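# Can you look at this prediction? I've put the sequence above it.
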Amino acid sequence: MRTDELIQLLATDAQPAPSQSIERRLALAALAGLAGAGVLLAWKFGVRPDLVQALALPMFWGKLAFAGALAVAGLALLRRLARPGLAAGRTARWLALPLLAVWGMALVALLQAAPGERMPLLLGQTWRTCPFNIALLSAPAFAASFWALRGGAPTRLAWTGAGAGVLAGALATLVYALHCPEMASPFLAVWYVAGIAIPTALGALAGPRWLRW
């Protein structure tokens, strides 16, 4: 069989790929990750007993806004990286905005606090467990994100894996806020970010192996 005949045979009845297929997969992954984190939270930790009262506190919504903004930025980043040859581009900057915001708030809070109050603001009551709890809750979204990306064709595998970790960590943080009693911005700036950094690092390591095609 000649080359042109083979090409014609392969192209017979070919259908264009759905233009939004990767977006649908990422949306499903995000929903599955949230649901899985919610189940883990209910089984392992439970919601904070004063959740109704916490809803009236601006900082509670600040925690949700921080995690939600990171999750949206992570989705936008993966939407690009899931396609061959595309770099992060300007979407990577959106990841920096929530981080800069929470670090700025933490710096202001520490500068305004008395010297003896600064360490309690940084450590809170749960600094030993918080990052690892977030990492645990990120497991469903981590697995779901890699499933979604397997339906794409990423070429920057380490960066794409790290992006999946960011998304997983942000979704886990969004759910973990329903349990966590900490409200101080210095605590969030260190230990919430550390919890998100764990799946991010794991994703960067796993990407070249799990996303290879």
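All right, it came through fine. Everything numeric in this text was worked out from a predicted model, so none of it was measured.

# three-state assignment of the most centrally placed residue in the chain?
Central residue of the chain (CA atoms, centre = their mean): residue 167, 1.9 Å from the mean position. Secondary structure, DSSP: H, G, I helix; E, B strand; the rest coil: residue 167 is helix.

# ok, the closest residue to residue 88 other than its chain neighbours - contacts?
Sequence neighbours aside, residue 77 is the residue nearest to residue 88 in space, at 5.8 Å (criterion: CB to CB, 6 or more residues apart in numbering). Yep, even glycine has a C-beta here, placed from its N, CA and C like the rest. Applying CB atoms under 8 Å, 6 or more residues apart in numbering to residue 77 gives the contacts 88, 91-92, 94-95, 163, 166-167.

# Restricted to helices, list the residues you listed.
Among the contacts of residue 77, the ones falling in helices (DSSP state H) are 91-92, 94-95, 163, 166-167.

# And the residues you listed, which is closest to residue 39?
residue 167 (18.2 Å; CB to CB).

# Hmm, residue 158 and residue 204 touching each other?
Yes: taking CB atoms under 8 Å as the definition, residue 204 is a contact partner of residue 158 at 4.9 Å.

# With neighbour numbers in mind, choose between the two.
Between residue 204 and residue 158, counting by other CB atoms under 10 Å, residue 204 is the more crowded of the two (19 against 15).

# Any idea how many residues pack against the nearest residue to that one once chain neighbours are set aside?
Among residues not flanking residue 204 along the chain, residue 162 sits closest, at 4.0 Å (CB to CB, 6+ apart). The burial count assigned to residue 162 is 25, neighbours taken as other CB under 10 Å.

# now residue 162: how far from residue 38?
From residue 162 across to residue 38, the span is 24 Å (CB to CB, to the nearest Å).

# what do you get for residue 62?
According to CB to CB, residue 62 stands 21 Å off from residue 38.

# repeat for residue 84
34 Å.

# which intervals of this protein have sub-threshold pLDDT?
1-20, 86 (pLDDT under 70).

# try 90 this time
Filtered on pLDDT under 90, the chain yields the residue ranges 1-21, 83-94, 152-153, 155, 212-213.

# show me where it has helices.
3-11, 21-44, 51-54, 58-81, 91-112, 115-123, 130-137, 139-150, 157-176, 185-187, 193-210.

# For the third one, which outside residues touch it?
Judged by CB under 8 Å, 6+ apart, the contacts made with helix 51-54 from elsewhere in the structure are 48, 60, 178.

# now do stretch 114-127
With CB under 8 Å, 6+ apart, stretch 114-127 has contacts from 109-110, 113, 130, 180-182, 184, 186-187, 190-191.

# Show the buried residues in those.
109-110, 113, 130, 180, 182, 184, 186-187, 190-191 (16 or more other CB atoms under 10 Å).

# ok, how many other residues are close to the residue lying closest to residue 144 once chain neighbours are set aside?
Nearest residue to residue 144, sequence neighbours excluded (CB to CB, 6+ apart): residue 29, at 3.8 Å. Using other CB under 10 Å, residue 29 has 27 other residues around it.

# Contact partners for residue 29?
141, 144-145, 147-148, 167.
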